[in-house]
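Asker: show me the folded form of this:
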Amino acid sequence: MNNVSRIFRSCWLLGFVFLGLTVTEPVNAFLTSETDSSSVEWIQVYFNMPVDTSYSKDGIIPNHSWDLVSTLTNMIDHAKYSIDLAVYDLEHHAVGEALARAAKRGLRVRVVTDLYNRFDNREFDEPMWDMLKEAGIITIDDSGTVFWPDGHIEENRLPNAGAHMHHKFAVIDRVSEDPDDHYVWTGSMNLTYTGPYNTNLTIVLKDNEIAKAYEEEFEFMWGSSGSKPDPRNARFHKDKPNVSQNLFWVGDTKVELYFSPMNRSQTKPSISARVEELINTEVDYDMAFIAFAITPTIPISQALWSVSANPDILLNGVIDPSFYGRYRNQGDIWASPEASMLGRSILPAREIRKLHHKTLILDALNPDENDQAIVITGSYNFSKAAESINDENIHIIYSDSIANMFIQDFKGIKGRARGELEAPAPPVHPSQWLPVAGVQDGQVFEVEISPGMRYPVSLLGVDTPRIFAGRDSSYYFADEAKSFLENLLDGKQVRLQGHDGGKPTARYNRYHSYVTAKDDSGKTISVNLEMLKHGMGGYSKYYRQHPDSVSAYMMHIYRAQVDSVGMWAEPEMVGKRVPRYQEDEVEHDFPIFINSATEKELTSLPFIGPARAASIVQYRTQNGPFSDISDLQNIHGIGPRIVDRIRPYVVID
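Answerer: Now for the predicted structure:
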């Protein structure tokens, strides 16, 4: 293949661009570089949320609002020789289908995954593994257990001790003798159905030496260089050695690549020590981090805090609210008053779902053009577990251009954290029928956008009494309105439409919609209209509405008032607060106040029996009040699936 053809194939594959960038000299004893043999090399980054382009330099606009799953499935579909995939949680069937197509084309497909996520949700996982098995794809997890295509499961028990195979990477076409065929896909996104809705990024690197290092890491875990794994030689977690190379040149861009955890003999390079070194020696102007978690006591956090004590150095950060709330409850530095003083500004995120980044950006805002910016990103959470027990990867990229892309992403995330920007709603089509996932009260229910991904919907033009009106109070008729809506939606699918029949308005992390419900026979009803006809609410003027619906709504409200239907039977009570529950009726009273509920009250929640209720109270007593519903996952036996199920029924304050 000549150079022109190679360039054409590289650009066509995913629409990549080339970045010519300056570099600095190695400063770490592990940093030795070999000569690349690929003729065309580049890095491309994709973000799935909107960025703030007002921070663009030199016309750089990142790939943002992107379908991150497609960045992998497109590469799999265009692969010609081989695919090696190491992923913490393989759940998204679009990826499984792409892998199966590749295997059926005759490609070598090898998959490594995490033991604990192989069957954490059988509804999604069993079809995935059946799909791969039927395609002849062999998989191994970090216990060394091999799942063979004939259905045989070869169980092994490699040292694990609660560690996770937390990688998210794929090596494409390393079997090819042509170094220009070698690609790596990686980033922060788990291949779950909810992964694309969490705030994430993916990176594609076209560089044969980086692909070689990733293949080495993969084959440590696979246990062989062949098509079949060898669990006797498979190595995970602390039993893996270092790869042969940690410093690379992607074109003119310097990249350091490391894999964790630290090995038992302490001979691998430490990611924590390297990042700490860069913070202490390279930062002159500003630092920014985007973190799912950033443990306050680890050396990386302490270095960020110490360096930012200099008021001339800016420190900005956004943390997923589940962890930010934990830090606040424990009085840690990231939620302390000092975290918002002088040059520091640390905030909890306000994204559509989880903030799942693991990114640190150094000197991206430095006006000195001679001071090169650095981006540190990958699957490595800023935590002790990532350094000491989990399989992780991280890139250190020396590039003003790439840093500018990341700072635009950061500013978008921070703008949403400040309430200046809104997180985008997950896309729905106005003709799409969606399952109902739960009812919060008479005004708001949740739809399942995709498996495991729930999103709230508010009834456009309708104002029903809300259940939450304070610690021990509700609005009059709220329970009746909720029960009516539950019965109305029971066993039905819904269609969401806006004022003109198109997409509904999305504001404040929910859709405001005209809702049509359909039962199994195909019969449809207008949910908004039914609520008003039966006296379950009044009129809401907010958000754009169709004039005909406004007229119809006002007419039905008038009739309900005249007929004393529903809440209009006692019009003097409408809008007033009433006691939220009686002690002997606790099973019917929602939402539950998670920080004050008794064990008996907690048992009224789905999947919460006496043992889990007692654990919640015990955890709350020992650790202080919950700051986010997701914090329940810190309790043994309560995972993300249970949290999603009970979320509509609980509140924090």
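Asker: what's the single longest helix in the protein?
Answerer: In the chain, with assignment by DSSP state H, the single longest helix is helix 400-418.
Asker: which other helices and strands does that helix contact?
Answerer: Packed against helix 400-418 by the contact rule (3 or more Cβ pairs under 8 Å, 6 or more residues apart in numbering; DSSP states H and E) you find strand 42-47, strand 286-291, strand 314-319, strand 344-348, strand 358-362, strand 374-378. Any C-beta I mention is one placed from the backbone N, CA and C, and that applies to glycine too.
Asker: quick one: which of these is nearest residue 613?
Answerer: strand 344-348 (27.2 Å; Cβ to Cβ).
Asker: what about residue 336, how many residues nearby?
Answerer: When counting by other Cβ atoms under 10 Å, one arrives at 16 neighbours for residue 336.
Asker: I misspoke; the intended subject was residue 134.
Answerer: Residue 134: 12 surrounding residues under other Cβ under 10 Å.
Asker: pretty sure it sits against residue 99.
Answerer: No. Using Cβ atoms under 8 Å, residue 134 makes no contact with residue 99, being 11.3 Å away.
Asker: so residue 467 touches residue 474, yeah?
Answerer: Yes. Residue 467 is in contact with residue 474 according to Cβ under 8 Å; the separation is 5.1 Å.
Asker: hmm, back to that, after the longest helix of the chain, which helix or strand is next?
Answerer: Counting by DSSP states H and E, the next helix or strand C-terminal to helix 400-418 is strand 434-439.
Asker: measure the residue minimising distance to the centre of the chain to residue 636 for me?
Answerer: Centroid-nearest residue in the chain: residue 198, 2.7 Å away (criterion: Cα atoms, centre = their mean). Using Cβ to Cβ, to the nearest Å, we find residue 198 at a distance of 24 Å from residue 636.
Asker: try residue 126
Answerer: Distance, residue 126 to residue 636, by Cβ to Cβ: 24 Å.
Asker: those two - which one has more neighbours?
Answerer: residue 126 (12 against 9).
Asker: please name the residues that touch that one.
Answerer: residue 119 (Cβ atoms under 8 Å, 6 or more residues apart in numbering).
Asker: surely residue 171 forms part of a helix?
Answerer: No. Using DSSP: H, G, I helix; E, B strand; the rest coil, the assignment for residue 171 is strand, not a helix.
Asker: residues near residue 290, how many?
Answerer: 27.
Asker: doesn't residue 316 make contact with it?
Answerer: No. Contact between residue 290 and residue 316 fails when scored by Cβ under 8 Å: they sit 9.4 Å apart.
Asker: shared neighbours, those two?
Answerer: In contact with both residue 290 and residue 316: residue 410, using Cβ under 8 Å, 6+ apart.
Asker: can you list the low-confidence ranges for the stretch 401-550 of the chain?
Answerer: 471 (pLDDT under 70).
Asker: can you give me the helices in it?
Answerer: Along the stretch 401-550 of the chain, counting by DSSP state H, counting those that start in this stretch, helices occupy 478-489, 527-533, 547-562.
Asker: and what of the stretch 101-250 of the chain?
Answerer: Using DSSP H, counting those that start in this stretch, helices in the stretch 101-250 of the chain cover 122-134, 208-222.
Asker: the closest residue in space to residue 124 that isn't next to it in sequence and residue 218: what is the separation?
Answerer: Spatial nearest neighbour of residue 124, chain neighbours left out: residue 91 (4.8 Å); criterion: Cβ to Cβ, 6 or more residues apart in numbering. Computed as Cβ to Cβ, the residue 91 to residue 218 distance reads 20 Å.
Asker: so which of the two has more stuff around it?
Answerer: Taking neighbours as other Cβ under 10 Å, residue 91 and residue 218 compare with residue 91 leading, 24 against 21.
Asker: could you chop this protein up by domain?
Answerer: 3-259, 271-403, 434-579, 583-651 (automatic domain parsing).
Asker: mind putting the helices of the stretch 401-550 of the chain in CSV, mean neighbour count and distance to residue 67 included?
Answerer: Converted to CSV, those look like this (neighbours: other Cβ atoms under 10 Å; distance: least, Cβ to Cβ, whole Å):
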stretch, mean neighbour count, distance to residue 67
helix 478-489, 20, 30
helix 527-533, 22, 30
helix 547-562, 15, 33
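Asker: would JSON lines of those with distance to residue 309 be doable?
Answerer: Formatted as JSON lines, the helices of the stretch 401-550 of the chain follow (distance: least, Cβ to Cβ, whole Å):
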{"stretch": "helix 478-489", "distance to residue 309": "50"}
{"stretch": "helix 527-533", "distance to residue 309": "55"}
{"stretch": "helix 547-562", "distance to residue 309": "58"}
